[in-house]
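Undergrad: Here is the input, now give the coordinates:
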Amino acid sequence: MQHKYLAILLSLFLVSCQFFETEKISSETFYKEELEAINWEDVDQYPAFSLCEEFTEKQEQKHCFETTISRIIYQTIGSKNIVTGQDIDSKVLLAFNISNTGEISNLNIEMDTVIEKEIPLLRQWLVECIDSLPKAAPAYKRGIPVNTKFTLPLVIKSETSIN
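TA: Numbers count the residues shown, from 1 in each chain. Next up is the predicted model:
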């Protein structure tokens, strides 16, 4: 009788082994699944200037990067003696790329015609500001430096003074 139970128990062990088999995934399938799982619209680490490298959180990195660019631009433009014939309250959009080596390129500046008319040198000043930015460390995705695109809005305000 004991042999009967032992035989039943042994057969259960042999049959149950098939339930413990793991499905083998080819490296090609694994690679495709990983590529689909990656969010290509986001980076793990934003580009950084040397003064922003202390930040470890992504949003802090992004904020520091954008704030540094904005601050340099506003300081440069603020140092110019700009006189306008009418009040201005508008946005200028700066679109640019940061390469996987940290180089800034493909600057595209969008501004309305009022700003172009009232501050004709603004486009030139913006290009000079971007060209004079300190070298940035590139953005990273899974430990690999990657190209990134940024669009930075700048608010331009002026008031005409009555003398």
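
Undergrad: which is the next helix or strand following the lengthiest helix in the chain?
TA: If you go by DSSP state H, the chain has its longest helix at helix 58-78. Toward the C-terminus, helix 58-78 is succeeded by strand 88-98 as the next helix or strand (DSSP states H and E).

Undergrad: Can you pull out the residues in contact with the helix or strand where I130 lies?
TA: Element membership of I130 [criterion: DSSP H and E] is helix 122-131. Under the contact criterion CB atoms under 8 Å, 6 or more residues apart in numbering, helix 122-131 has outside partners 69, 72-73, 76-77, 80, 92, 94, 96, 104, 107, 109, 111, 115-116, 156. (C-beta placed from N, C-alpha, C; glycine too.)

Undergrad: Can you flag the buried ones in those?
TA: Among the contacts of helix 122-131, the ones that count as buried by 16 or more other CB atoms under 10 Å are 69, 72-73, 77, 92, 94, 96, 104, 109, 111, 115, 156.

Undergrad: Low-confidence stretches in this protein?
TA: 1-3, 6, 9-25, 30-31, 34-41, 160-163 (pLDDT under 70).
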